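Novice: need coordinates for the following:
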Amino acid sequence: MKNLEKYEINEDIFGFSIEIPLKDVHSIRIEKSDIFNLRLGLLFEMTQSMSNSSDDNEVFDIAMDYACRVLQTDRASIAIADESDSYFELFVVHGVKANQPKKILLPISGTAIGNTYKKEVLSYRPDISNAACPALEGLFKSGMNSTMVSSIVSNGIHYGTFNTANSAKDGYTTDDMLLFSHVTVILATHLHRIKLKNKIQEQNLLLEIKNEELRNLATIDSLTGLYNRRYIISEIDKEIQKVERGTALFSLLMLDIDNFKSVNDCFGHNYGDIVLKKVSSKIEEFLRKSDVVSRWGGEEFLVLCSTTTKEEAFVIAEKVRCGIEQVEFKKSNKVTVSIGIAEFNANLSIDALIEKADKCLYEAKTSGKNKSVM
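Specialist: Next up is the predicted model:
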């Protein structure tokens, strides 16, 4: 063929073809017909359209639309290889009947387009009338006489092939080849861009998950799943700021499991952990959704009750205390808690407020246990 004399001519099991390495396509001596610049201008439009796309399928549709307008081809398809490099999936198809199956799979091995895909070439078959490949035979029987196929490759990543067919023998010019190579390069570049963007999004999601795990480690007690001391101190500080603005009031409950040392001594620390987890679960169950509960340390728990007076907090404390008293434990039969209650006022610091709740707890413990004191 004119202007293609220096390129390799293959006669293989698929028939006669001219193969041009993708890196050499730009050096083809083109005919530059009168409408060449107009067709070249369409490629700039294609680039602009793809720049605004963030989805593979949208990019495929744009590439197909412009390829058909630039080449005026009769048949076209974009075949993308699966991760195992075993099959192509045809994502967009032009020039076939509307009742074609939505998902078309083709083997990569043993096919003409698979051969092109692996070689990273633009493969031109000016006459497919004697082709031995079933796909090419099918194209010929449907009225096609020549094909042009290009690998879709970017940054060493093989995505698939862009496939075109023409009803005329020797249906493509060197102008067509150069323009088609530009189409596939633009397509490959944007597929790579989207791949990188998706990878960055995946990495950002993984990073956010890891950050959330770190936040949990910093704020969650590993045994009970409750918030830890650091977290509830920060929440109390926020409540104090609300009070200072005159928008809220709050109270604290300090809880302690009665006779917990004897539970550990009699039944072991593993069973003690079971009791801690079960009591933690029950405290959460009997509190309001707005309340914040934390493991303060050992067998002690601290609860923040926002917009709550000490009288209202006492009612909540009694609900929690009575609820835990009703819970059955396998070995220790019954577990009880003592609770100290303190309401914040402007004269108290965080430490002073917690100390006040702790003193009430001490009073509850020394006056018989299993009671709430404010």
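Novice: quick one: the closest residue to Glu343 other than its chain neighbours from Asn270, how far?
Specialist: Excluding the flanking residues, the one nearest Glu343 by CB to CB, 6 or more residues apart in numbering is Lys310, at 3.8 Å. Glycine gets a C-beta too; all of them are placed from N, C-alpha and C. Using CB to CB, to the nearest Å, we find Lys310 at a distance of 37 Å from Asn270.
Novice: which one's more surrounded, the two?
Specialist: Under the neighbour definition other CB atoms under 10 Å, Lys310 and Asn270 were set side by side, and Lys310 has more, 20 against 8.
Novice: count the neighbours of Asp351 for me.
Specialist: Neighbours of Asp351 (other CB under 10 Å): 9.
Novice: what's the spacing between it and Leu253?
Specialist: For Asp351, the distance to Leu253 - CB to CB - is 17 Å.
Novice: Thr116 now?
Specialist: Going from Thr116 to Leu253 by CB to CB gives 74 Å.
Novice: so between the two, which is more surrounded?
Specialist: Using other CB under 10 Å as the criterion, Thr116 and Leu253 rank with Leu253 on top: 31 against 25.
Novice: can you show me the helices along the stretch 151-300 of the chain?
Specialist: According to DSSP state H, counting those that start in this stretch, the stretch 151-300 of the chain carries its helices in the segments 174-219, 229-244, 260-267, 269-286.
Novice: name the helices or strands packed onto the longest one?
Specialist: This means helix 174-219. helix 36-51, helix 56-71, strand 121-125, strand 146-154, strand 157-166, helix 229-244 (3 or more CB pairs under 8 Å, 6 or more residues apart in numbering; DSSP states H and E).
Novice: nearest to Leu205, of these?
Specialist: Closest of the helices and strands packed on helix 174-219 to Leu205 is helix 56-71, at 18.6 Å (criterion: CB to CB).
Novice: tell me which residues in that closest one are buried?
Specialist: 56, 59-68, 70-71 (16 or more other CB atoms under 10 Å).
Novice: also stretch 20-29?
Specialist: Buried, per 16+ other CB under 10 Å, within stretch 20-29: 20, 22, 25, 28.
Novice: stretch 148-168 too?
Specialist: 148-154, 158-166.
Novice: one step back: which stretch among the helices of the stretch 151-300 of the chain comes nearest Leu42?
Specialist: helix 174-219 (8.5 Å).
Novice: tell me what angle the closest one forms with strand 146-154.
Specialist: Relative orientation of helix 174-219 and strand 146-154, computed by axes from the mean of the first three to the mean of the last three CA atoms, to 10 degrees: 30 degrees.
Novice: average pLDDT across helix 174-219?
Specialist: For helix 174-219, the mean per-residue pLDDT is 90.
Novice: Ala357 reaches Phe344, doesn't it?
Specialist: No: using CB atoms under 8 Å, Ala357 is not in contact with Phe344, being 10.0 Å away.
Novice: joint contacts of the two?
Specialist: Taking CB atoms under 8 Å, 6 or more residues apart in numbering as the criterion, Ala357 and Phe344 both touch Leu252.
Novice: picking up where we left off before, report the two of the buried residues of stretch 20-29 separated the most.
Specialist: Leu22 and Ile28 (11.5 Å).
Novice: buried ones in the helix or strand bottoming out on mean pLDDT in the chain?
Specialist: Here the helix or strand of the chain ranked lowest by mean pLDDT, DSSP states H and E is strand 8-12, holding a mean of 71. Neighbour-count burial for strand 8-12, counted by 16+ other CB under 10 Å, picks out Asn10.
Novice: that one: how far from the chain's middle?
Specialist: On the basis of CA atoms, centre = their mean, to the nearest Å, strand 8-12 sits 45 Å off its chain's mean C-alpha point.
Novice: try stretch 188-198
Specialist: With CA atoms, centre = their mean, you get 16 Å for stretch 188-198.
Novice: can you pull the buried residues of that stretch?
Specialist: 188-194.
Novice: how about stretch 292-305?
Specialist: Neighbour-count burial for stretch 292-305 flags 292-296, 299-305 (criterion: 16+ other CB under 10 Å).
Novice: now the two most distant members of the buried residues of stretch 148-168.
Specialist: Farthest-apart pair in the buried residues of stretch 148-168 is Ser154 and Asn166; separation 26.1 Å (CB to CB).
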